[in-house]
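**Student:** Just to be clear, the model below is a prediction. Sequence and coordinates:
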Amino acid sequence: MTERVVLKLGGSVITDKSGACAIDHARLRDIAEELAAHRETALVLVHGAGSCGHPEARRYRINDGLTDDNVPGVYETHTAVSSLNAAVVDALRDAGVEAIGIHPLDLGLAEDGRLVSFETRHIAEMTEHGIVPVLHGDVVMDRLRGSCIVSGDQLVTRLAAALGSRRVGLATDVTGVLQNGAVVPRIDRSTIESLDVGGSGNTDVTGGMRGKLAELLALADAGIDSHIFHVSKIGRFLDDTGHGGTTITAKE
Ligand SMILES: Nc1ncnc2c1ncn2[C@@H]1O[C@H](COP(=O)(O)OP(=O)(O)OP(=O)(O)O)[C@@H](O)[C@H]1O
Ligand SMILES: C=C(C)CCOP(=O)(O)O
């Protein structure tokens, strides 16, 4: 079976998270060039929402559930993050990567904030043909709440488990998980207690770094390690030559 790599581009690296849907096209071009140089890798790409989705999700209180007042927020949030998805796909295609956008709203169903169904067999099939599926954190219909936000981080864990991926990376705007300014090289359930991990510095409805680590520790429990590193180290992660960030692993 093809060894698939699941890579998430943090919303903080492809948008200016303090602005209003401010897409960093120059950064996207650089990332796309790097990924084009690794065309032999069977890649499944996920990206976060950054400033294209988090502000809408917060404004319409999507995670609190749907009421008569906030139904348009499903459209507004999905449209914002879909515009970012189109920009990511365009940048990749311009660099010669056979990328195609996939929207979780179309194929997922959640219950109390967690995906309960999510088709991945077509995604596996795409990678067999050199297609790079590009998914994103999204608003998803929820059987209990009406709707919820499924983060790119939740998608990463879901995809890695479903596709049997052993290489899972999250590129962010920080060099890794930091403690007193220094990168913590390894985190497991026993060491996380002693760390000071917060949310995001900007609008973020999915828990920032704290939410990310909760997802990745659950993935580690299922036997799959993952890596958080600076976006400039994507090439080194793909080459497995040392990303200098944090590895999230099961307790030894
Ligand atoms: N101990 C910590 N080490 C590193 N970053 C931390 C820590 N605690 C909080 N953070 C914050 O977490 C942020 C990264 O999480 P964030 O969710 O913003 O990333 P992202 O995945 O790029 O964004 P998005 O959720 O939009 O995809 C950092 O920019 C930093 O502000
Ligand atoms: C806010 C939306 C639409 C998705 C959030 O995904 P994340 O940026 O990966 O947390």
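**Tutor:** Perfect, thanks for sending it. Ligands and ions are numbered 1, 2, ... in the order given.

**Student:** Using CSV, write out every CA atom in whatever helix or strand L105 lives in.
**Tutor:** Here L105, judged by DSSP states H and E, is contained in helix 104-107. What follows is helix 104-107, C-alpha atoms only, in CSV (Å, rounded to 0.1, in the frame of the first residue of the first chain):
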residue,chain,number,x,y,z
PRO,A,104,-15.8,18.3,4.9
LEU,A,105,-19.3,19.9,5.0
ASP,A,106,-20.1,17.8,1.9
LEU,A,107,-19.0,14.4,3.2
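
**Student:** mind listing what's buried in it?
**Tutor:** Residues of helix 104-107 classed as buried by neighbour count (16 or more other Cβ atoms under 10 Å): P104, L105, L107. C-beta: built from backbone N, CA, C; applies to glycine.

**Student:** and stretch 145-160, how far apart are its ends?
**Tutor:** With Cα to Cα, to the nearest Å as the measure, stretch 145-160 spans 26 Å from end to end.

**Student:** Next, count neighbours for the residue in the stretch 51-200 of the chain that ligand 2 sits nearest to.
**Tutor:** With distances taken as Cβ to the nearest ligand atom, the stretch 51-200 of the chain approaches ligand 2 most closely at G137, which sits 2.0 Å away. Counted with other Cβ atoms under 10 Å, residues neighbouring G137 total 30.

**Student:** so it touches I149, yeah?
**Tutor:** Yes: contact criterion Cβ atoms under 8 Å: G137 and I149 qualify, at 6.8 Å.

**Student:** can you list residues touching both of these two?
**Tutor:** Residues touching both G137 and I149 (Cβ atoms under 8 Å, 6 or more residues apart in numbering) are T206.

**Student:** that older thread, apart from its chain neighbours, what residue comes closest to the residue of the stretch 51-200 of the chain closest to ligand 2?
**Tutor:** Of all residues not flanking G137 in the chain, G152 sits nearest, at 3.9 Å (Cβ to Cβ, 6 or more residues apart in numbering).
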